[in-house]
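Student: Need coordinates for the below:
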Amino acid sequence: MTTFERDAHLAELPWPFTGRAGELELVRRSLTAGRNGIVITGPSGSGKTRLATEALRGTGCARVTGTPGTHRIPFAAFAHLLPESVSLHRAVQLLTGVRLLLVDDAHLLDDASAALVHHLALHGRTRLVVVARDTAPLPGAVSRLWTGEVLPRLALEPLPDDDTARLLAAGTGGWLEPLTMNRLRRLSGGDLRLLRDLSAALTEQGLLTPVPGTPTAAWHGPVPLTETVQLRAAAVLGRADPAERETLDRLAFAEPLTPHLDDGYDLPVLERLESDGLVTVDPSGTLALARPLYGPVLRAAAGTLRTRRLARTPDECAAALKSEAAALEDRVEAADVRPLPLPVGEWLLAETGTVPADYAALRARYDRLRGALREAVAWARQGLRSDPADPLCRRELALGAAQLGEAPAPAPAPDTPPQDPHTAWTEAYEAVRLGAAEGAAGALPPGSPFARHAQALARGDGPALDRAARALEGRGFLLFAAEAHAQAAAVHRDPSAARLSRTRAITLARRCQGARTPALAGLALGELTARQRQIVTLAAAGLSNRQIADRLTLSIRTVGNHLYGAYTRLGASDRAALPWLTDLPDTQPVSA
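Tutor: Residues are numbered from 1 along each chain as shown. Okay, the predicted model is just below:
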């Protein structure tokens, strides 16, 4: 019988494994005694194979991989493990001695190999980790692994923003400013291979420029046309029909504005492109390229003359930017900061690196109110590049830094012009956020979530605070909602209700990019034993269970038990919540 070396086929990969601690633990648990394995699915580039590789590192396993073009060759994926001619029954017998098997790219398996994998899962002696792309047609025997409840399925979600930022920092050798990270995330669409390729190209081609006064770097300008980028955009770059390519280029150079079906486009050409999934048309007739990557790549690949004929200038976007700013200001005035498409400002920043200070201040205020604090700080800095003395950008920069715990809140200046539409009552609500609610409700808009927050806090009413928090979240005020839930956790008489409020506060705080405010400080570790606090603090600092065990002279099992007990008491689900609970400084630098 073939033997398999420890870590065979599991070579070191170019970027460190980042995030997905919960998923990694789930895969490892699926391989323990009494478990038959797991199926991991997700779109291309989501990190499926990397997750499986990390879960199996240090084990002796066999590996098979589906490959294109072998669909008609029986047992093609198992060619290195089976004799040349073999029946399915005999193949199952021959592989009985394989205790652990990684099946990669299972969506590409030939039918015989897929049937063999299914039989091995049913047989129960071989533990399986099956990796498949869920955006591709799957062999019936593979999909039946989870639809038939033979193996559990883990469907990978996109990597969280904080983990993406850490991954990029590890790959580029330094932190990227938030607006550059947002651009890379949009272009890659969750494809970590494309993200890695883009960031490597930015580093190698010297396209990252330091942001003054911060340890971060930014990127503005065209997308580098690397081999991976061209491969991902091959669907548009490879269109040979001149009319189709002209239409695609017109759409690309129309960005950031949105053309309409009636703007002189050839309808049969658009129908073909829509049918092939390259163009989208909404019910109003608005046209767009199907993926965010397509427009920048088509523009970067266009020749000089085509670019001169089709390209927009920043001046041509002035009216659209003014309209976008007006719509944004209306939303802020209406106390509604839910996500809003803002393509014009983002296009100007990405392509030119310059935006007007008044627009940047408005974007900073909007992002600060919705809890996107690092983005708020970055927008304020962009505005100060256009006008270093702009008072609104300077104030937003200071407020964002204060809410990130990096600087004291700015003192109001008598000669400063009105800062935002909430100026008349912002100070009263700041007092509520600090826990001083007496008399504040009367200064807040009647019936608003802000007034209800103040009233509930003044009464010490935990359920009402939770209801106010949900209303704030519904309007997009994630940081304010997190603070209200944290205040509810402190006044609930029912311990289970307090834990639920704390969990909600933690969940929302994790979406606020490292917020450090007085209300959130109440989420800390008072309910834990001294040993639990010690272990949780080390875990929040990034130490693994083994490293904690070595440092404290404990067993790994004891460390795990203490962490589980801490999670239960704190209402947390995994290590990712711990920095918010322990109030440790965030590892990501603040651009302020």
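Student: got the CA coordinates for stretch 135-145 in PDB?
Tutor: Extracted C-alpha coordinates of stretch 135-145, given in PDB (Å, rounded to 0.1, in the frame of the first residue of the first chain):
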ATOM      1  CA  THR A 135     -20.100  28.700  -9.000                       C
ATOM      2  CA  ALA A 136     -19.400  25.800 -11.400                       C
ATOM      3  CA  PRO A 137     -21.500  22.700 -12.400                       C
ATOM      4  CA  LEU A 138     -20.800  19.900 -10.000                       C
ATOM      5  CA  PRO A 139     -20.900  16.100 -10.600                       C
ATOM      6  CA  GLY A 140     -24.000  14.700  -9.100                       C
ATOM      7  CA  ALA A 141     -22.000  12.400  -6.800                       C
ATOM      8  CA  VAL A 142     -20.100  15.400  -5.400                       C
ATOM      9  CA  SER A 143     -23.200  17.500  -4.700                       C
ATOM     10  CA  ARG A 144     -24.900  14.500  -3.100                       C
ATOM     11  CA  LEU A 145     -22.200  14.500  -0.400                       C
END
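Student: per-residue confidence averaged over it?
Tutor: Average pLDDT, stretch 135-145: 92.
Student: list the buried ones in it?
Tutor: Neighbour-count burial for stretch 135-145 flags 138-139, 141-145 (criterion: 16 or more other Cβ atoms under 10 Å). Glycine gets a C-beta too; all of them are placed from N, C-alpha and C.
Student: Run a quick neighbour tally on the residue nearest to R127 when sequence neighbours are not counted.
Tutor: Of all residues not flanking R127 in the chain, G37 sits nearest, at 4.6 Å (Cβ to Cβ, 6 or more residues apart in numbering). By other Cβ atoms under 10 Å, 23 other residues sit near G37.
Student: G37 and G124, how far apart?
Tutor: Going from G37 to G124 by Cβ to Cβ, to the nearest Å gives 10 Å.
Student: Kindly report the same for R308.
Tutor: With Cβ to Cβ as the criterion, R308 and G124 are 67 Å apart.
Student: State the number of residues packed around A300.
Tutor: Neighbours of A300 (other Cβ under 10 Å): 17.
Student: Please, which helix or strand holds it?
Tutor: helix 294-301 (DSSP states H and E).
Student: Now P339: phi and psi?
Tutor: phi -50, psi 140 (degrees, to the nearest 10).
Student: go on, K48?
Tutor: The phi/psi pair for K48 (degrees, to the nearest 10) is phi -60, psi -50.
Student: That one contacts G42, doesn't it?
Tutor: Yes - using Cβ atoms under 8 Å, K48 is in contact with G42, at 5.0 Å.
Student: Need the overlap of contacts for these two.
Tutor: 133, 156 (Cβ atoms under 8 Å, 6 or more residues apart in numbering).
Student: packing partners for the helix holding A300?
Tutor: In terms of contacts (3 or more Cβ pairs under 8 Å, 6 or more residues apart in numbering; DSSP states H and E), helix 294-301 is packed against helix 234-237, helix 242-254.
Student: which one of those lies closest to P212?
Tutor: helix 242-254 (32.0 Å; Cβ to Cβ).
Student: who's more crowded, K48 and G42?
Tutor: When K48 and G42 are compared for neighbours, K48 comes out ahead with 27 against 21, by other Cβ under 10 Å.
Student: Tell me how many other residues crowd the residue found closest to D197 once you drop the neighbours it is linked to in the chain.
Tutor: Computed as Cβ to Cβ, 6+ apart, the closest residue to D197 that is not its neighbour in sequence is T228, at 3.8 Å. By the measure other Cβ under 10 Å, the count of residues near T228 is 18.
Student: what's the helix or strand hosting T228 packed up against?
Tutor: Taking DSSP H and E as the criterion, T228 maps to helix 227-232. If you count contacts as 3+ Cβ pairs under 8 Å, 6+ apart, helix 227-232 packs onto helix 192-204.
Student: Contacts made by the helix or strand following the helix it packs on with the rest, please.
Tutor: For helix 192-204, the following helix or strand on the C-terminal side (DSSP H and E) is strand 209-210. Strand 209-210 is contacted from outside by 216-220, using Cβ under 8 Å, 6+ apart.
Student: quick one: which of those is nearest N545?
Tutor: T216 (31.6 Å).
Student: Can you tell me the closest non-neighbouring residue to the closest one?
Tutor: Looking at T216 with Cβ to Cβ, 6+ apart, the closest residue is E177, at 4.2 Å.
Student: residues contacting that neighbour?
Tutor: Taking Cβ under 8 Å, 6+ apart, we find E177 in contact with 211, 214, 216-218, 378, 381, 591.
Student: How about D161?
Tutor: 181, 185, 513.
Student: Let's have those residues in JSON lines, adding secondary structure.
Tutor: Listed next are the contacts of D161 as JSON lines, based on DSSP: H, G, I helix; E, B strand; the rest coil:
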{"residue": "M181", "secondary structure": "helix"}
{"residue": "R185", "secondary structure": "helix"}
{"residue": "Q513", "secondary structure": "coil"}
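Student: Any regions of the stretch 451-592 of the chain where pLDDT drops low?
Tutor: Scanning the stretch 451-592 of the chain for pLDDT under 70 picks out 522-528, 568-592.
Student: Spell out the residue ranges of the helices in it.
Tutor: 462-474, 478-491, 495-509, 518-521, 530-540, 545-552, 556-570, 578-582 (DSSP state H, counting those that start in this stretch).
Student: how about TSV for the helices and strands packed on helix 294-301, with distance to H80 added?
Tutor: As requested, these are exported to TSV (distance: least, Cβ to Cβ, whole Å):
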stretch	distance to H80
helix 234-237	31
helix 242-254	43
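Student: For T49, see how far away G42 is.
Tutor: Taken as Cβ to Cβ, the span from G42 to T49 is 10 Å.
Student: Revised request: answer the last question for A335.
Tutor: Taking Cβ to Cβ, one finds A335 at 45 Å from T49.
Student: rewinding a little: got the angle for the helix holding A300 vs helix 242-254?
Tutor: Here helix 294-301 runs at an angle of 100 degrees relative to helix 242-254 (axes from the mean of the first three to the mean of the last three Cα atoms, to 10 degrees).
Student: Could you give the separation of helix 294-301 from the chain centroid?
Tutor: Its chain's C-alpha centre and that of helix 294-301 lie 24 Å apart, by Cα atoms, centre = their mean, to the nearest Å.
Student: In terms of helices and strands, where is the residue of the chain most remote from its centre?
Tutor: What lies farthest from the middle of the chain is S85; by Cα atoms, centre = their mean that is 47.0 Å. For S85, there is no helix or strand it lies in under DSSP H and E.
Student: phi, psi of it?
Tutor: According to degrees, to the nearest 10, S85 has phi -120, psi 120.
Student: try the one 3 residues further on
Tutor: Note on L88: backbone dihedrals following degrees, to the nearest 10 are phi -60, psi -40.
Student: Next one, pLDDT for it please.
Tutor: pLDDT, read off for L88, is 93.
Student: ok so, going back, heading C-terminal from the helix holding A300, find the next helix or strand.
Tutor: Downstream of helix 294-301 (by DSSP H and E), the next one is helix 304-310.
Student: buried set for that following helix?
Tutor: Buried, per 16+ other Cβ under 10 Å, within helix 304-310: 306, 310.
Student: other SSEs contacting it?
Tutor: Using 3+ Cβ pairs under 8 Å, 6+ apart: helix 304-310 touches helix 242-254.
Student: what about the helix it packs on, distance to the chain center?
Tutor: For helix 242-254, the distance to the chain centre is 31 Å (Cα atoms, centre = their mean).
Student: just checking, what packs against that helix?
Tutor: helix 267-275, strand 279-281, strand 287-289, helix 294-301, helix 304-310.
Student: Would you reformat these as CSV and include mean pLDDT and distance to P518?
Tutor: As requested, the helices and strands packed on helix 242-254 are arranged in CSV below (pLDDT from 0 to 100; distance: least, Cβ to Cβ, whole Å):
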stretch, mean pLDDT, distance to P518
helix 267-275, 95, 52
strand 279-281, 95, 45
strand 287-289, 95, 43
helix 294-301, 94, 42
helix 304-310, 92, 52
